[in-house]
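J.: Pasted the sequence and its predicted model underneath.
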Amino acid sequence: MSEEKTIYWALFPRMYKDGAVLSAVPDGGPKAYKYRHGKPLLRNYPALAQAVMLFDSINYPSHSKLYDILPAMDSVLVVNDKVKELFTSLKLDSIEYLPVQLWDHQEVPVSDNYYIVNPLGNIDFIDMARSDYVLNPLVEGQVDDIDELVINYDNIPSHAKLFRASTMMSQLFISDDVRVALEKADIKGFHLMKAEGWDGLDF
């Protein structure tokens, strides 16, 4: 009997009707595109008082509830202390947690208990020979759109639990045990798409 393969998921923040949506990454630190490179950013990251992310008052002027995971306009993953502690307990390695201070629509500080999750490195996760995709014309070797993702199971190390795909660095993936832990802890603010056969959509 063949060994059962691990299930992997594409991870997304969930948009709620009342949930806060954050604007750009903090000023005075790394540019937005650098958060998708899988490289350490803490050395050039601003102090907490300057690491501000604002509620998006233009597109979501009435959205203000703080869930455990928050969507952000620059597609970074923003989580609170509860999620950080859960990830730490799961021994998810090679992750930077970049602290942010959240300001509401009136630019009033409302929380300093959130972090940008920056998984370091990447995994050769996507089987590029068997998947159906279009490459980004501006970023060499990066998938711009995918219609059917086929997982390269042979290249995934056993410790890979939350990671970037080497040919799709903008997307985060998690293993099924992380999904189970998130659901068991009643974490609010995320949704998942099964990675094998994924069509690139988040719904």
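T.: Yep, that arrived.

J.: Tell me who's in contact with the residue nearest the centre of the chain.
T.: Compute the mean C-alpha point of the chain, and by C-alpha atoms, centre = their mean the closest residue is Leu77, 3.7 Å away. For Leu77, the contact set (C-beta atoms under 8 Å, 6 or more residues apart in numbering) comprises Leu11, Pro13, Ile69, Ile116, Val117, Leu172. (Glycine included, C-beta is placed from N, CA and C.)

J.: From Gly197, how far out is it?
T.: Between Leu77 and Gly197 the computed distance is 23 Å (C-beta to C-beta, to the nearest Å).

J.: need the helices for this structure, in chain order.
T.: Along the chain, counting by DSSP state H, helices occupy 81-89, 176-184.

J.: Longest strand in this structure, please.
T.: Using DSSP state E, we find that the single longest strand of the chain is strand 109-119.

J.: Could you pull up the contacting residues of Glu12?
T.: Not quite, residue 12 is Phe, not Glu. Phe190, His191, Leu192, Met193, Asp202.

J.: which of these are buried?
T.: By neighbour count, with 16 or more other C-beta atoms under 10 Å, these hold Phe190, Leu192, Met193 as buried.

J.: Tell me which entries of those residues lie within strands.
T.: Phe190, Leu192, Met193.

J.: Output the residues you listed in JSON lines, with pLDDT appended to each entry.
T.: Output for those, formatted as JSON lines (pLDDT from 0 to 100):
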{"residue": "Phe190", "pLDDT": "98"}
{"residue": "Leu192", "pLDDT": "98"}
{"residue": "Met193", "pLDDT": "98"}
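
J.: What segments of this protein are strands?
T.: According to DSSP E, the strands that the chain contains are 8-13, 52-54, 69-70, 77-80, 95-103, 109-119, 132-135, 143-148, 162-165, 168-175, 190-194.

J.: partner strands of the third one, parallel or antiparallel?
T.: Going back to what we said before, that points to strand 69-70. Strand 69-70 has these partner strands in its sheet, going by DSSP bridges: strand 77-80 (antiparallel).

J.: cool, and the last one?
T.: Sheet pairing for strand 190-194, assigned by DSSP bridges, gives strand 8-13 (antiparallel).

J.: what about the partner strand, average pLDDT?
T.: The pLDDT scores in strand 8-13 average 98.

J.: and what of stretch 162-176?
T.: For stretch 162-176, the mean pLDDT works out to 97.

J.: who touches it?
T.: 6-11, 36-38, 75, 77, 87, 92, 95, 117, 119, 121-126, 128, 141-143, 146, 160-161, 178, 182, 192, 195.

J.: returning to that earlier point: could you save the helices of the chain as JSON lines and add columns showing distance to Ile58 and mean neighbour count?
T.: JSON lines is the format used below for these (distance: least, C-beta to C-beta, whole Å; neighbours: other C-beta atoms under 10 Å):
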{"stretch": "helix 81-89", "distance to Ile58": "27", "mean neighbour count": "16"}
{"stretch": "helix 176-184", "distance to Ile58": "30", "mean neighbour count": "15"}
